[in-house]
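Trainee: show me how the following folds:
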Amino acid sequence: MKAAFSLGSALMLLAGFANAHTYLSKLTLGGVQESEGQCIRPYPADRNFPVKDVTSTDITCGVGGVSKTASETCPVKAGSTITVEWHHDNDSASDDIIDISHLGPCMVYMAPLESNGSGDVWFKIFEDGYDAATSTWCVNKIRNNGGKLDVALPADIKSGDYLVRTEIIALHESDTDYAVNPARGSQFYVNCAQVSVTNGGSAEPQGYAIPGIYKSNAPGVIFNLYSSYSSYPIPGPAVYVSGPGNGNGESTDESTDVPVESTDSSAEESNYSSVENTDAPTENTGSSVEESTDSSVEESNYSSAEENTDAPTENTDASQNSATESPTEEISTDAPETPTSSAPVVTYTTTITAAPGKCH
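Mentor: Okay, here's the model as predicted:
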């Protein structure tokens, strides 16, 4: 399914731009909703204003976020679900959360609190972009849910104190690179909260630097919301997934590569094997166990399309002569005995040459 905006739709969206921002208002931890601003690093004067420069330290925890500390670090269990809640002006029931013009994805990251967000410390635990089946963005979802979004914490991360970084990217001006035209560009609504994780495991996911993970002209940061589209490339690293071998935040990409490689190998082996069996059906039928084994090794060492077509005439002739001259004779791997018949003995030798670069 594709989405497209007409000029009229774009103008309607522009009407809401002056009154459209958002900020992280509340957290719900362990089923208990905290009061507004509790566990969250103090807001700047314009608490619902975005950050646009992806190279600025303000992209880490919002404007002034790295220089301030929350009044408390709230406890939460590893593997539990937390609820983050955004608002536009305040936490009243009539608040519009964020303007409909500001469509885009939502992401949540974590980093050890002791790092204060500096260095390669951030790992992504949640992302939600565009659902083509329903033409729905994450911003649509939080608007329809009173600003709330449920996020599961990894079950295996080490216990300890962490920063939780929430982020919405508004794409209504992201058709232009901010570095080229600072009046436009993507808008990042970023805040950081402080939590103390208990009942954790031993995992220490690979971290990434913020700033550092985004480029102003990267796919997902540059995006034309007013064109036709059927997908959206969420920027940043892959989501960290709990489990053995998933400590680097990129495991989902690596695991996808493996079955593709395995499938290709199986297809090659199957195709080459069937060609060889067609070349010499008489030899395969009468061969001993030892000959069959040698043939398999030979087939494995020289699995290429060229070897099967190198000498089809020789193989066919050998098969026919063998069937004509001694149809009841068993083929053995021992040295051949001196023939007793007066008929001349003809020895057929097939040389298999592997094409360069085709050995597997």
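
Trainee: ignoring the adjacent residues along the chain, who's closest to Glu167?
Mentor: Met107 (4.6 Å; C-beta to C-beta, 6 or more residues apart in numbering). No exception for glycine: its C-beta is placed from N, CA and C like everyone else's.

Trainee: what sits opposite the one you found in the beta ladder?
Mentor: In this structure, Met107 bridges to Glu127, Glu167 when assessed by DSSP bridges.

Trainee: surely Pro105 meets Glu127?
Mentor: Yes. Because the distance of 6.5 Å satisfies C-beta atoms under 8 Å, Pro105 is recorded as touching Glu127.

Trainee: higher neighbour count, these two?
Mentor: More crowded of Pro105 and Glu127, by other C-beta atoms under 10 Å: Pro105, with 23 against 18.

Trainee: run through the residues that contact that one.
Mentor: 127-130, 137-139, 168-169, 220, 232, 234 (C-beta atoms under 8 Å, 6 or more residues apart in numbering).

Trainee: so where is the chain shaky, pLDDT-wise?
Mentor: 1-19, 245-360 (pLDDT under 70).

Trainee: got a list of what the residue nearest to Glu167 touches?
Mentor: Contacts for Met107 (C-beta under 8 Å, 6+ apart) come out as 124, 126-128, 166-167, 169, 234, 236.

Trainee: which two from the residues you listed end up farthest apart in space?
Mentor: Spatial extent of the contacts of Met107 (C-beta to C-beta) is set by the pair Thr166 and Ile234 at 14.8 Å.

Trainee: neighbour-wise, which of those two wins?
Mentor: Legend: neighbour count by other C-beta under 10 Å for Thr166 and Ile234, higher for Thr166 (25 against 20).

Trainee: contact partners for the more buried one?
Mentor: 24, 84, 86, 106-108, 190-193 are the contacts of Thr166 under C-beta under 8 Å, 6+ apart.

Trainee: now the residues you listed in TSV, with distance to Ala179?
Mentor: Converted to TSV, the contacts of Thr166 look like this (distance: C-beta to C-beta, whole Å):
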residue	distance to Ala179
Leu24	26
Val84	29
Trp86	27
Cys106	24
Met107	21
Val108	26
Val190	18
Asn191	24
Cys192	25
Ala193	30
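
Trainee: ok, of these, which one's closest to Val51?
Mentor: Val190 (5.8 Å).

Trainee: related to what we said a few turns ago, report the two of the contacts of Pro105 separated the most.
Mentor: Most distant of the contacts of Pro105, by C-beta to C-beta, are Val139 and Gly220, 14.5 Å apart.

Trainee: show me what the residue lying closest to Pro205 once chain neighbours are set aside is bridged to.
Mentor: In space, and not counting its chain neighbours, Pro205 is closest to Phe123: 3.9 Å by C-beta to C-beta, 6+ apart. Note on Phe123: beta-bridge partners by DSSP bridges are Met110.

Trainee: mind listing what Phe123 touches?
Mentor: For Phe123, the contact set (C-beta under 8 Å, 6+ apart) comprises 109-111, 205-208, 237, 240, 249.

Trainee: okay, and which of those residues map to strands?
Mentor: Those of these mapping onto strands are 109-111, per DSSP state E.

Trainee: top of these by neighbour count?
Mentor: When neighbours are counted by other C-beta under 10 Å, Tyr109 leads the ones in strands among the contacts of Phe123 with 29 neighbours.

Trainee: roughly how far does that one sit from Glu167?
Mentor: Per C-beta to C-beta, to the nearest Å, Tyr109 is found 7 Å from Glu167.

Trainee: compute the first-to-last residue distance for stretch 122-137.
Mentor: From its first residue to its last, stretch 122-137 covers 24 Å (C-alpha to C-alpha, to the nearest Å).

Trainee: list the buried residues of it.
Mentor: 122-130, 136-137 (16 or more other C-beta atoms under 10 Å).

Trainee: I'd like the residues you listed as CSV, with distance to Tyr178 appended.
Mentor: Output for the buried residues of stretch 122-137, formatted as CSV (distance: C-beta to C-beta, whole Å):
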residue, distance to Tyr178
Trp122, 21
Phe123, 25
Lys124, 22
Ile125, 26
Phe126, 25
Glu127, 21
Asp128, 23
Gly129, 20
Tyr130, 21
Thr136, 26
Trp137, 20
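
Trainee: tell me where this protein has helices.
Mentor: 7-15, 58-61, 138-144, 251-279, 281-286, 289-301, 305-309, 312-325 (DSSP state H).

Trainee: distance of the residue nearest to Tyr232 when sequence neighbours are not counted relative to Ile234?
Mentor: Among residues not flanking Tyr232 along the chain, Tyr130 sits closest, at 3.9 Å (C-beta to C-beta, 6+ apart). According to C-beta to C-beta, Tyr130 and Ile234 sit 9 Å apart.
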